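Engineer: generate coordinates for the sequence data below:
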Amino acid sequence: MKRQAAIDPPSFEPYFDLISRAISEVDDGFFKLATTYEPSGIVRERAFCYELYHQIRNQMDENDPLSLNGEIDKRGHIDFAKEDWKNPDFVFHIPGTHLGNTIAIEVKGTLGRKNNIIEDFATLLTFTERYGYQVGLFILYNHTYDEFRDEMRDLLYQFSARPTIDSIYILTISSQGGALDIEKLSSLFG
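Structural biologist: From the prediction side, this is the model:
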């Protein structure tokens, strides 16, 4: 990465509060989107992410030091190794500098595609280990933390010795208005 002027990046903790408040405002219709062929709803991550983005931006202060951006394409980014050209669903950062990299976020609405979840955790770990993000946050909606733990613990064990494992968090919420759980990835293995 290029050398940059010193920036004192904001702490990630207030942003976890902001995300928690915003996610509690996401309507049930975005947890499972009603369709003509499935009136009870289907999981559509992109629709959920758009609404979550909207709710977060509604609650952000206009003078916030960080920007929230969705799926910034890293292809061709000169500071990222080619194998790391990933696009987290969201990032909180200060555009134009790596020193403001605060939170990389991946979102999933189902435990059905376990390989995609494993890839999401690999991305979050890469962003915290190589590109200066303070933390990675994996958001799982439509499921509880216990469901996540039971389904994913053994599959994610491959990451248990990674140096930034304590910088990766899991936020789960089963439905609109449901309880939010936030745990560190390392808690799966403790």
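
Engineer: what lies in contact with the longest helix belonging to the chain?
Structural biologist: Secondary structure of the chain per DSSP state H: the longest helix is helix 114-130. Applying C-beta atoms under 8 Å, 6 or more residues apart in numbering, the contact partners of helix 114-130 are 81, 84, 86, 88, 101, 104, 106, 108, 111, 133-138, 151-152, 155-156, 158-159, 162-165, 167-168, 185. The C-beta positions use only the backbone N, C-alpha and C, and glycine is treated the same way.

Engineer: can you flag the buried ones in those residues?
Structural biologist: 84, 86, 88, 101, 104, 106, 108, 133-138, 151-152, 156, 159, 162, 164-165, 167-168, 185 (16 or more other C-beta atoms under 10 Å).

Engineer: those in helices, which ones?
Structural biologist: Per DSSP H, the subset of the buried ones among the contacts of helix 114-130 in helices is 151, 152, 156.

Engineer: turn those residues into CSV, columns for pLDDT.
Structural biologist: Converted to CSV, these look like this (pLDDT from 0 to 100):
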residue, pLDDT
151, 97
152, 98
156, 98
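
Engineer: low pLDDT regions in the chain?
Structural biologist: 1-9, 71-85, 96-98 (pLDDT under 70).

Engineer: please enumerate the strands of it.
Structural biologist: Along the chain, the stretches classed as strands by DSSP state E are 67-70, 90-93, 103-108, 135-141, 168-173, 180-184.

Engineer: for those strands, give me a markdown table that also has distance to residue 49.
Structural biologist: A markdown table is the format used below for the strands of the chain (distance: least, C-beta to C-beta, whole Å):
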| stretch | distance to residue 49 |
| --- | --- |
| strand 67-70 | 7 |
| strand 90-93 | 7 |
| strand 103-108 | 5 |
| strand 135-141 | 9 |
| strand 168-173 | 14 |
| strand 180-184 | 17 |
